[in-house]
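# I would like to see how this sequence folds:
(chains A and B)
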Amino acid sequence: MGSGSQTDNALGAAGVALVRGPIDAAALLATVGDAAAGGNVVFVGTVRGLTAGRRTTSLTYDAHEPLALATLEALCREAIDRFGLAACRVRHRLGTVLPGEASVAIVASAPHRREAFAAAEWVMERIKCDVPIWKCEERPDGGREWAHPATTARPGGDA
Amino acid sequence: MHEDQTAAAPATLAIALFAGMAAAAGTRRLDLPWSGGTAADVRRLVAEALPALAALAARSGVAVADRYVTDDAPIAAGDDVALIPPVSGG
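Sure thing, here's the model as predicted:
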């Protein structure tokens, strides 16, 4: 835990959100702006229609919404402290998302690019470990399967 | 919940399920008899009650009232408990 009010400013009123419509990454970037922040990284994760030769018709996301929001907010606060960010934003889709559409967007804003790149990657990695959001892969043959990756640590393992 | 009823009837624990666990169980909420225990006991209880969930339950985190808890956290009947299987956001 770091400087409280500075972290609050960097997280903003709508730092993290789970959304059921399209993610507008440009609009998300436009919510950050700090005279001292010269490095602004936007990461957009999109749904792959083809993974190692296998077709995906759509992904459907489920979440424990209040826990996901609380965990995302804690991640952003930690990223702000750890990387000295001026701002951090995350949007994640819920429901059904088609190939090519954005399923997640992260904005990391820092005085210099190195911290911004590192923070965006760190936040994405943490999302894939601890944030209670799951994808179900839907295939052309009608098959569908929830993804629960083989992991060594349980979600929230260091709670 | 009325106290006179909890004294008479066996206490139950409502456990929220998500994603592949909800699909395998055919429900997003399990109500299981609960005589007290820890978060780790919740995982074991679910695995025993629904063997189809055993593999995922063993790899799940436990949340109470929208916060992750550690394995040794005490769980009381009436707690808002969720099992969090390995996540796949992004």
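# So which residues on chain B come close to chain A?
Counting by CB under 8 Å from any CB of the partner chain, chain B comes close to chain A at B:16, B:18-20, B:22-23, B:56, B:59-63, B:66-70, B:82, B:84-90. Glycine gets a C-beta too; all of them are placed from N, C-alpha and C.
# Please pick the buried ones from the residues you listed.
Neighbour counting over those (16 or more other CB atoms under 10 Å in any protein chain shown) leaves B:16, B:18-20, B:22-23, B:56, B:59-63, B:66, B:68-69, B:82, B:84-90 as the buried ones.
# Return the subset of those residues lying in helices.
B:19-20, B:22-23, B:56 (DSSP state H).
# May I see those residues organised as JSON lines, with distance to residue A:7 and pLDDT added?
Listed next are those as JSON lines, based on distance: CB to CB, whole Å; pLDDT from 0 to 100:
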{"residue": "B:19", "distance to residue A:7": "31", "pLDDT": "98"}
{"residue": "B:20", "distance to residue A:7": "35", "pLDDT": "98"}
{"residue": "B:22", "distance to residue A:7": "35", "pLDDT": "98"}
{"residue": "B:23", "distance to residue A:7": "38", "pLDDT": "97"}
{"residue": "B:56", "distance to residue A:7": "35", "pLDDT": "97"}
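# From the centroid of chain B, which residue is nearest?
In chain B, the centroid-proximal residue (CA atoms, centre = their mean) is residue B:15; its distance is 3.7 Å.
# Leaving out chain neighbours, which residue sits closest to that residue?
Nearest residue to residue B:15, sequence neighbours excluded (CB to CB, 6 or more residues apart in numbering or on different chains): residue B:30, at 4.5 Å.
# The one you found: neighbouring residues, count only.
21 (other CB atoms under 10 Å in any protein chain shown).
# Now do the buried residues in stretch A:48-63.
Judged by neighbour count using 16+ other CB under 10 Å, the buried positions of stretch A:48-63 are A:56-63.
# how about these, which pair is most distant?
A:57 and A:63 (20.8 Å; CB to CB).
# next one: the helix or strand of chain A with the lowest mean pLDDT to chain centre, how far?
Scoring the helices and strands of chain A by mean pLDDT, DSSP states H and E places helix A:4-11 at the bottom, with a mean of 73. A distance of 19 Å separates the centroid of the chain from that of helix A:4-11, by CA atoms, centre = their mean, to the nearest Å.
# in the chain, which ranges drop under the pLDDT threshold?
Here I'm looking at chain A. Scanning chain A for pLDDT under 70 picks out A:1-5, A:13, A:158-159.
# Sorry, I should have been clearer: chain B.
Scanning chain B for pLDDT under 70 picks out B:1-9.
# That's all I had, so thanks and see you.
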